[in-house]
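# give the three-dimensional model of this entry:
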Amino acid sequence: MDAINESRGVSRRGALGLAALGLAAPRLARAQGRYPDRPIRFIVPWPPGSSLDALFRSMFDVVRRDLGQQVVLENRPGARGLLGAQALLNARPDGYTIAQHHLSILRQPFLTKQQSWDPVNDFTYILQVSGFLFGVVVRSDSPYRTWRDLTAAAKAKPGMLTFSTSGVATSNHIAMEDILAREGVEMTHVPFRGAQEGVTALLGRQIDCVADAQAWRPNVEAGEFRLLCVWTKDRLPAFPDAPTLRELGHDMVVTSPYGVTGPKGMDPAVVETLHQSFRKGLFDENTQAVMRRWEMPLEYLGPQDYLRFARERVSYEQEMVAKLKLSID
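Numbers count the residues shown, from 1 in each chain. Have a look, this model is predicted:
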């Protein structure tokens, strides 16, 4: 037993030594002025003004102070949130172009026969950050006061009721189709370029409900929308009356974790520099306050664990695409 404990102690000391060496390289790189020596471009593949924007902008304040360079946020909505990934495929792996990474990027190769990318090997995984807070909302004057009211109406009128998401084959689209299948009901999907467009459509009575990330939150807080359910593990403190999917009988938690990636082949020292600075930004009190305000889940993973998560998740995404017979061709 003593030999085993001694061996474990050596392993831990060795791991700490390697970690120290890994952290020294980025600090040395900064001291020598190799990276960064100009602003860093950060691509968010969604419209501006979301909770995700607020999260990253708070993190950027810390990164700017830590690295001495601006991080310029560039919103590129459309194409189901894939424009950031497409930009990385054509960018130099020098650490000056990075992007928000999400599950639709892992899912894309299984949705089309066209050539796209290897979801694991064509990107450099820097860190996982958070996830989306999804829920289903209706107008406050809707006849559907509960989730059960909505599904009962959908069962009585198959395909007549509509729900919006931020795009075809996005995580919330797949989850909503899965939920409806479990309920044994059919609704018509209305995809938009982002969650805010669905909010606008619901305000205009163009759709029956929104199944998306929390662009709907201000409208719920203002009394314009009613939150029928949330897809988190637990009920939200801000909306304690909205049941979770588990409470509705479905063993599901949907947060669609996301993070930061760069082009394939980035220098490990640059990756660690970005990882450490973004990690400081994530755990900064101002950023944590943003996460508490929007009730965003903490899903932090470092580079190796984030890469491992991506490898494991790809199999699930492929399975769900086949199960739901999804295609964008």
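# now I126, what's its secondary structure?
Using DSSP: H, G, I helix; E, B strand; the rest coil, the structure places I126 in strand.
# contact partners for it?
By Cβ atoms under 8 Å, 6 or more residues apart in numbering, I126 lies in contact with 98, 259-262, 271, 274-275, 278, 303, 306. Glycine gets a C-beta too; all of them are placed from N, C-alpha and C.
# restricted to strands, list those.
98, 259-262 (DSSP state E).
# now what about whichever strand or helix holds L282, what contacts it?
Assigned by DSSP states H and E, L282 belongs to helix 268-283. The set of residues external to helix 268-283 that reach it, using Cβ under 8 Å, 6+ apart, is 22-23, 25-26, 29-30, 35-36, 58-63, 66-67, 94-95, 98, 124, 126-127, 129-130, 260, 262, 287, 300, 302-303.
# what residues of that helix count as buried?
Residues of helix 268-283 classed as buried: 269-279, 281-282 (neighbour count, 16 or more other Cβ atoms under 10 Å).
# T124 pairs with what?
Listed by DSSP bridges, the beta-bridge partners for T124 are G262.
# gap between the residue positioned nearest the centre of the chain and Y35?
Residue closest to the mean C-alpha point of the chain, counted by Cα atoms, centre = their mean, is Y258 at 3.4 Å. Using Cβ to Cβ, to the nearest Å, we find Y258 at a distance of 24 Å from Y35.
# thinking again about what came up before, what is the nearest of the buried residues of helix 268-283 to T112?
Within those, the smallest distance to T112 is 29.2 Å, found for V271 (Cβ to Cβ).
# tell me how many other residues crowd the nearest residue to G184 once chain neighbours are set aside.
What sits nearest to G184 in space, not counting adjacent residues and going by Cβ to Cβ, 6 or more residues apart in numbering, is K155, at 6.9 Å. Around K155 there are 13 other residues, counting by other Cβ atoms under 10 Å.
# show me where pLDDT drops low in the protein?
1-33 (pLDDT under 70).
# all helices of it, in order?
2-31, 51-67, 83-89, 103-107, 147-156, 171-183, 195-203, 217-221, 268-283, 285-294, 303-324 (DSSP state H).
# that older thread, ok, the buried residues of helix 268-283 vs G135, which is closest?
Nearest member of the buried residues of helix 268-283 to G135, counting by Cβ to Cβ, is L282, at 23.4 Å.
# one step back: return the helix holding L282 as PDB; C-alpha atoms alone will do.
This file holds the C-alpha atoms of helix 268-283, laid out as PDB (Å, rounded to 0.1, in the frame of the first residue of the first chain):
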ATOM      1  CA  PRO A 268       0.400  24.900 -27.700                       C
ATOM      2  CA  ALA A 269       2.000  27.900 -25.900                       C
ATOM      3  CA  VAL A 270      -0.400  30.300 -27.600                       C
ATOM      4  CA  VAL A 271      -3.300  28.000 -26.700                       C
ATOM      5  CA  GLU A 272      -2.300  28.000 -23.100                       C
ATOM      6  CA  THR A 273      -1.800  31.800 -23.100                       C
ATOM      7  CA  LEU A 274      -5.400  32.200 -24.300                       C
ATOM      8  CA  HIS A 275      -6.700  29.400 -22.000                       C
ATOM      9  CA  GLN A 276      -5.300  31.000 -18.900                       C
ATOM     10  CA  SER A 277      -6.400  34.600 -19.800                       C
ATOM     11  CA  PHE A 278     -10.000  33.500 -20.800                       C
ATOM     12  CA  ARG A 279     -10.100  31.300 -17.600                       C
ATOM     13  CA  LYS A 280      -9.300  34.400 -15.600                       C
ATOM     14  CA  GLY A 281     -12.000  36.300 -17.400                       C
ATOM     15  CA  LEU A 282     -14.500  33.500 -16.800                       C
ATOM     16  CA  PHE A 283     -13.900  33.300 -13.100                       C
END
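# how far away from the center of its chain is stretch 322-329?
Distance of stretch 322-329 from its chain centroid, counting by Cα atoms, centre = their mean, to the nearest Å, is 21 Å.
# contacts for that stretch?
Contacts of stretch 322-329 (Cβ under 8 Å, 6+ apart): 80, 110-114, 168-169, 174, 177-178, 181, 320.
# for stretch 135-147, same thing?
Applying Cβ under 8 Å, 6+ apart, the external contacts of stretch 135-147 come out as 149-150, 153, 163, 176, 202-203, 205, 208-212, 214, 216, 219-220, 223-231, 242-243, 248.
# can you tell me which of those residues are buried?
Those of the contacts of stretch 135-147 that meet the buried threshold are 150, 153, 163, 176, 202, 208-212, 214, 216, 219-220, 224-231, 242-243, 248, by 16+ other Cβ under 10 Å.
# burial check on K264, number of neighbours?
K264, neighbours per other Cβ under 10 Å, totals 15.
# got a list of what it touches?
When contacts are counted by Cβ under 8 Å, 6+ apart, K264 touches 88, 93, 121-124.
# return the member of the buried residues of helix 268-283 nearest to R311.
V271 (16.9 Å).
# now the closest one: how far from G281?
16 Å.
# over to Q69?
As judged by Cβ to Cβ, Q69 and G281 stand 13 Å apart.
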